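K.L.:
sequence-free structure coming up:
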């Protein structure tokens, strides 16, 4: 179970080790940190740029974030036995100010 930024961790786990998770429940998950951080108009990513590096100007930071960003790694979250996604439920709010 994850919400907001917790979606990065749970989404990453679903991508990297889906066999460890039977199902996932996410509410307004933040699944596209790279896309959000590349958009200079999003004020909520200023803090992340200071902590994780600025992928707009730092190629190494961009590469690292791209390796774990759930949205950027969707092709890898297919199961080994036929290509189905692991069970996941994700909800969002219409006017959530948090996830972009």
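P.N.:
Good, I have the coordinates. What you see is a predicted model, and the numbers here were worked out from it, not measured in a lab.

K.L.:
the residue nearest to residue 72 when sequence neighbours are not counted and residue 15, how far apart?
P.N.:
Computed as Cβ to Cβ, 6 or more residues apart in numbering, the closest residue to residue 72 that is not its neighbour in sequence is residue 66, at 5.2 Å. Bear in mind the C-beta positions are built from the backbone N, C-alpha and C, glycine included. According to Cβ to Cβ, to the nearest Å, residue 66 stands 12 Å off from residue 15.

K.L.:
test my guess that residue 48 contacts residue 30.
P.N.:
No - checked against Cβ atoms under 8 Å, the pair residue 48 and residue 30 is beyond contact range at 9.6 Å.

K.L.:
which pLDDT value belongs to residue 81?
P.N.:
pLDDT, residue 81: 55.

K.L.:
err, residue 58, not the other one
P.N.:
pLDDT, residue 58: 96.

K.L.:
circling back to that earlier point, so residue 66 and residue 15 - more neighbours on which side?
P.N.:
When residue 66 and residue 15 are compared for neighbours, residue 15 comes out ahead with 22 against 14, by other Cβ atoms under 10 Å.
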